[in-house]
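Asks: need coordinates for the below:
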Amino acid sequence: MYRLVFLILLAIFAAELVAVWRYRVILVRHWREPVLKYPVVIIESDDWGPGPAEQASRLVEIGAVLSRYSDRDGHPPVMTISVVLGAPDVAAIQEGGFRRYQRVTLADPRYRELLTVFQNGVRQGVFALQLHGMEHLWPPTFMRLAQQDGAVSRWLEQGDYAETETLPPAVQSRWIDGSTLPSQPLDATAIAAAVREEVMTFQEIFGSSPTVAVPPTFIWNSEVERAWAADGVQFVVTPGRRYTMRNPHGQPAGVDRLMFSGEIGEGGVSYLLRDIYFEPTFGHQAEQVLAEIRQRWRLGRPALLETHRSNFLGEASAHQHSLQELQRLLDSVLREWPQVRFMSTEELGQAYRRGDSELFEQRLPKRVHVWLRRLATIGRLQKLAWVIGGI
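Replies: A predicted model of the protein is given here:
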């Protein structure tokens with residue numbers, strides 16, 4: 001009888017060893033990912049740049065809300081502003097008979113007030129600028145479609161303040177040729193030239209080079225990463241996976257890499273994971289976002305919230321609703337976690353690179369505990385996490 005029990009236990013142990021070996025890469029990656037000592041909350045907002053005239057006043061109001069709050073170290077919540085540096089110059093393209101692409105950038109006098117708001121927010125510590133792209137599109141793709149009687153040509157009829165967010169999704173992806181579906185990859189030389197141009201333009205406009213890049217629509221590839229790294233970008237914000245194309249239905253596809261915050265990518269860039277949506281105009285309320293933050297904290301991970309400028313533009317009532325949800329969220333965060341840390345994405349990335357002992361957990365028992373929690377979130381590893389935790 002005892003021999004039978006022993007053999008059963010031995011078989012179970014052997015099976016678990018096989019499982020550990022089979023999933024060793026996942027186990028190691030989750031272990032290597034640092035564990036936060038304190039909750040970290042960052043609000044990331046995309047698409048700010050040439051476009052609607054009310055952007056400047058709306059950002060002033062956002063900055064005023066953020067400045068009312070602070071963490072225990074006196075740091076206000078930071079909204080990172082992922083900047084689009086340019087947009088199609090609609091009037092010039094139309095006057096040129098749609099033969100040549102022309103752009104307007106944030107250096108144009110009409111955006112002087114917007115630039116001032118950006119800079120004031122950075123000085124106050126409530127904004128941090130990030131690179132979203134020269135445009136929220138790939139110009140050759142845009143021009144090919146503009147010469148057809150379709151959605152892009154109709155978009156041009158809206159005039160110079162047309163919002164790129166209203167373009168077809170495949171056109172909004174900068175680092176693919178979305179003129180046909182499935183999309184086609186871009187030439188590596190063209191990518192390198194475009195990255196250098198956008199980095200130099202960012203530096204000319206803001207007086208410093210970008211350190212954080214956010215791929216438009218989260219579609220990019222290793223060539224883009226290497227080009228960013230070569231021109232000084234240190235951190236790439238990701239959704240946890242790298243989409244490299246759009247499929248025949250126009251959906252993001254072609255995942256060629258999964259990543260965790262702090263991992264090193266092509267050319268030495270570091271990844272930072274953004275995976276919480278805070279889009280009040282789509283019905284995202286403070287309570288559900290708070291629950292997502294709670295889950296990230298339970299897993300020792302930062303909470304990077306994605307919110308687009310569209311939540312704060314257009315009808316004043318929609319803008320006010322978004323502001324109210326932002327306030328409700330910040331009130332709830334500080335009430336639940338008085339120890340929360342507010343910082344910019346770049347500051348978080350630098351902390352990952354340093355292995356900052358002030359921010360990241362060093363105690364082995366705590367790290368093991370959080371590691372097991374992480375494994376338990378992966379369906380096929382739940383039992384393994386339970387077994388390891390019971391050893």
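Asks: rest of the way, CA atoms for contacts and neighbours
Replies: OK.
Asks: contacting residues for residue 218?
Replies: Contact analysis of residue 218 by CA atoms under 8 Å, 6 or more residues apart in numbering lists 173, 238, 239, 242, 243.
Asks: and for the fourth one, the neighbour number?
Replies: To tie it back to what came earlier, the one meant is residue 242. 21 (other CA atoms under 10 Å).
Asks: now the first one
Replies: Other residues near residue 173 come to 25 when the count uses other CA under 10 Å.
Asks: that one is in contact with residue 136, isn't it?
Replies: Yes. Because the distance of 6.6 Å satisfies CA atoms under 8 Å, residue 173 is recorded as touching residue 136.
Asks: which neighbours do the two share?
Replies: With contacts defined as CA under 8 Å, 6+ apart, the residues adjacent to both residue 173 and residue 136 are residue 216.
Asks: identify the residue nearest the geometric centre of the protein.
Replies: The chain has residue 237 as the residue nearest its centroid, 4.2 Å off, counting by CA atoms, centre = their mean.
Asks: and the helices in the stretch 51-200 of the chain, which stretches?
Replies: When secondary structure is read from DSSP state H, counting those that start in this stretch, the stretch 51-200 of the chain shows helices at 55-66, 90-95, 112-124, 139-146, 151-156, 169-172, 188-206.
Asks: so for the longest one, mean pLDDT?
Replies: Regarding helix 188-206, the rounded mean pLDDT is 98.
Asks: and the longest strand for this protein?
Replies: strand 40-48 (DSSP state E).
Asks: pull the distance from that one to the chain's centre.
Replies: 8 Å (CA atoms, centre = their mean, to the nearest Å).
Asks: what lies in contact with it?
Replies: Outside strand 40-48, the residues that reach it (CA under 8 Å, 6+ apart) are 55, 77-84, 132, 136, 293, 297, 301-309, 340-345.
Asks: and if we set it to 7 Å?
Replies: Contacts of strand 40-48 with the rest of the structure, by CA atoms under 7 Å, 6 or more residues apart in numbering, involve 77-84, 302-309, 340-345.
Asks: over to stretch 283-291?
Replies: The set of residues that contact stretch 283-291 without belonging to it, under CA under 7 Å, 6+ apart, is 278, 325, 328, 329.
Asks: so for that stretch, mean pLDDT?
Replies: Within the predicted structure, the mean pLDDT of stretch 283-291 is 96.
Asks: can I get it in CSV, CA atoms only?
Replies: Coordinates of the C-alpha atoms in stretch 283-291 are reproduced here as CSV (Å, rounded to 0.1, in the frame of the first residue of the first chain):
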residue,chain,number,x,y,z
GLY,A,283,-18.2,54.3,-21.1
HIS,A,284,-15.1,53.6,-19.0
GLN,A,285,-15.9,54.7,-15.5
ALA,A,286,-13.6,55.4,-12.6
GLU,A,287,-14.8,52.3,-10.7
GLN,A,288,-13.8,49.8,-13.4
VAL,A,289,-10.5,51.5,-14.0
LEU,A,290,-9.8,51.4,-10.2
ALA,A,291,-10.5,47.6,-10.3
